[in-house]
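# got a predicted model here, sequence first, then my questions.
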Amino acid sequence: MIPDLPLPFLFSLFIIFFHLAESKPSLTATPTTLPASGATVNLRWSGIPSPSDLDFLAIYSPPTSPHDNFIGYLFLSQSATWRTGSGNLSLPLVDLRSNYSFRIFSWTRAEINPKRQDHDHNPLPVTRHLLAFSEEVSFAPHRGPQQIHLAFVGAHGKEEDMRVMYITRDPRETYVRYGEREDKLDGIAVARVERYEREHMCDAPANTSVGWRDPGFIHDAVLIGLKKGQRYYYKVGNDNGGWSATQSFVSRNSDSDETIAFLFGDMGTAVPYNTFLRTQDESISTMKWILRDVEALGDKPAFVSHIGDISYARGYSWLWDHFFAQIEPVASQVAYHVCIGNHEYDWPLQPWKPDWASYGKDGGGECGVPYSLRFNMPGNSSELTGNAAAPPTRNLYYSFDMGAVHFVYISTETNFVPGSKQYDFLKHDLESVNRSKTPFVVVQGHRPMYTTSHENRDAALRGKMLEHLEPLLVNNNVTLALWGHVHRYERFCPLNNFTCGVNAGHNAGDKKGYTVHIVIGMAGQDWQPVWEPRPDHPDDPIFPQPKWSLYRGGEFGYTRLVATKQKLVLSYVGNHDGEVHDQLEILASGEVVSGDGGCSIADANSKAGNVIVESTLSWYVKGGSVLLLGAFMGYVFGYVTSARKKSEVPESNWTPVKTEET
């Protein structure tokens, strides 16, 4: 029998049990269904016993992931009230085609494992002491595909055709509806579907449970029958999974001489949490200013050129999703073109490994597979990978015309010496350019042929590029050669074997060509040391600047190319103010008429005169900033807020380590 207990005693027991329940750690996530990729979840916790500044909230997708297989984490000390054992944090979530969940772990300094470190040599959290876990957070169904991006179509299609690519959770057939009016999308293109699997990856972390995540299904459709230079509206999806919001682009116009492009390398992506790799917060600003410029163009066609080191995922699959979500506001409006870099491809198992090349483990075991399938560039270039199960590496070298410029993309990661398929392509392509149609030729690749940065590991490779590729450039009067890999901006004089040409691009009586080389790897990655002298050696720069290096910039940013048949203007735009910091002007004759640093957009406009269409550049300053910022800041706010986390967290703030890694 249960004895009769006095009411005061029962009441006391109730109070005790109530407080015990109240003090038990809890974690809630609201809302549990997010309306769209990039929407924010609020995470609220309470009851954390003996709070430590190393207690952390781990992020999981899929929710069933083992404790150590988080995609990222946040320290609870980022909440102002963490010392009370309660607090809250907000986090924007990118749709990874799987639900999310969150777990809180206790962690102390006594448990730090110096052998378990992230990319910045900071200790990774230990998931030994689980305190609380949340319910699952999902995304609303029927929202349509994600990660929309465009590309020009190759030689088998018409110049006006446009490729549309995007990601879905399932392989069901999807479509692109398009037309000249937003309310009349009567054109239909059926998308083909591809995907890659874990066994296609070469090595860890890309093929391990920590790095691998289901990449979804990659859809690829080509819009045909387009008019030249016409704005088209489109949406992607199907009735079952839903349709995207309506987007628009302007088709290429082969009847126009005007060329507008935004070019850079080494951008990467930003994430709103700590993860295994260092991510690139500055990429937010790069996309912000390019979106300003794209919106300011009105009905003028343009494209983006990203020359290697694309997402810096390096085997951690979800970083590709963050990258494509981040570029979508731009890449859904203009074609987004790429070439391969070391952080997409390099791994010891790859087949081409000459003893003079410094190809290492920069690809994180991806071996070019995500890069090859998530993009589809013109041409059919490919090379086998070091994994027999993997599809060939694609998008290595190709070319296309845009207005007055012939653009060429090459791979510095695969065979480029005489006798290779790539060398034969480049030689034939450059020799076949119709200079009356496209008087300017721009060649782009990842690792630079010229740089004054202390990049000794690539010295032998640069020697081979100078030996085998530079003759192709100078013999065919290539106007510009643009490179990444070194994460700074550097402009050289017109060069041939380290010798500067005089203004016209030729010395008097000398018929050899001279190519202007520019390094533009300053779009986001910040490993590279600055050019400036060291504080204790003010007269000695880190890297001496020879006379053939005319301008070196430490500002993050991108370059903007505007050309007609008479003149090409390349401007270096800085991220901190969106203004032009350096500018180069080249006439169709090859003469370099201006290369002054620090020009403003107004200066560029006055110098260009009647050659560069006035309305294009004036739009940049008169309408672009206002048009952009209101629409874009909502997208960026979550990332910007979280990007500050490293400077706001107290004792648990890990400090990035600057190195010379490229």
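Looks like it arrived, so ask away.
# might you report the residue contacts of Tyr232?
162, 178-180, 223, 226, 248-251 (Cβ atoms under 8 Å, 6 or more residues apart in numbering). Backbone N, C-alpha and C define where each C-beta goes, glycine included.
# in TSV, list those along with neighbour count and pLDDT.
Converted to TSV, the contacts of Tyr232 look like this (neighbours: other Cβ atoms under 10 Å; pLDDT from 0 to 100):
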residue	neighbour count	pLDDT
Met162	25	98
Tyr178	27	98
Gly179	14	98
Glu180	15	97
Leu223	23	98
Leu226	20	97
Ser248	15	98
Phe249	25	98
Val250	20	98
Ser251	21	97
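# low-confidence ranges in the stretch 301-450 of the chain?
Applying pLDDT under 70 to the stretch 301-450 of the chain flags no residue at all.
# now distance to Glu455 too, for the contacts of Tyr232, in CSV please.
Listed next are these as CSV, based on distance: Cβ to Cβ, whole Å:
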residue, distance to Glu455
Met162, 37
Tyr178, 45
Gly179, 49
Glu180, 49
Leu223, 41
Leu226, 43
Ser248, 41
Phe249, 37
Val250, 39
Ser251, 40
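# closest to Gly341 among the residues you listed?
Closest approach to Gly341 among the contacts of Tyr232 (Cβ to Cβ): Met162, at 25.0 Å.
# of the contacts of Tyr232, which belong to strands?
If you go by DSSP state E, the contacts of Tyr232 have 162, 178-179, 223, 248-250 in strands.
# which of the contacts of Tyr232 sits closest to Leu550?
Each of the contacts of Tyr232 was checked against Leu550 using Cβ to Cβ; the closest is Val250, at 34.3 Å.
# please enumerate the helices of this structure.
For the chain, the helices defined by DSSP state H cover 7-23, 283-296, 318-331, 342-345, 369-374, 421-431, 459-468, 470-475, 601-608, 614-619, 625-643, 645-648.
# for the record, mean pLDDT for the last one?
Taken as a whole, helix 645-648 carries a mean pLDDT of 39.
# could you chop this protein up by domain?
For the chain, the TED database gives the domain ranges 26-139, 260-594.
# give me whichever of the ones you listed is most buried.
Mean neighbour count (mean count of other Cβ atoms under 10 Å) peaks for domain 260-594 among these, with a mean of 21.
# distance between that domain and the chain's centre?
Put simply, domain 260-594 sits 13 Å off its chain's centre (Cα atoms, centre = their mean, to the nearest Å).
# the domains of the chain: which one's closest to Asp239?
Within these, the stretch nearest Asp239 is domain 26-139; the backing value is 18.4 Å (Cβ to Cβ).
# measure the closest one end to end?
End-to-end distance for domain 26-139, by Cα to Cα, to the nearest Å: 23 Å.
# cool, stretch 169-186 as well?
End-to-end distance of stretch 169-186: 26 Å, with Cα to Cα as the criterion.
# now Trp352, nearest residue through space, not along the chain?
With Cβ to Cβ, 6 or more residues apart in numbering as the criterion, Trp352 has its nearest non-adjacent residue at 4.9 Å, and that residue is Asn415.
# next up, the contacts around that neighbour.
Applying Cβ under 8 Å, 6+ apart to Asn415 gives the contacts 352, 383, 421-423.
# rebuild those residues as a markdown table, extending it with distance to Pro494.
Shown next, in a markdown table, are the contacts of Asn415 (distance: Cβ to Cβ, whole Å):
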| residue | distance to Pro494 |
| --- | --- |
| Trp352 | 31 |
| Glu383 | 32 |
| Lys421 | 29 |
| Gln422 | 25 |
| Tyr423 | 23 |
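# of all these, which comes closest to His454?
Checking the contacts of Asn415 against His454 by Cβ to Cβ gives Trp352 as the nearest, at 25.8 Å.
# what ranges in this protein fall below the confidence cut-off?
Residues of the chain meeting the criterion pLDDT under 70: 1-23, 155-157, 503-512, 596-662.
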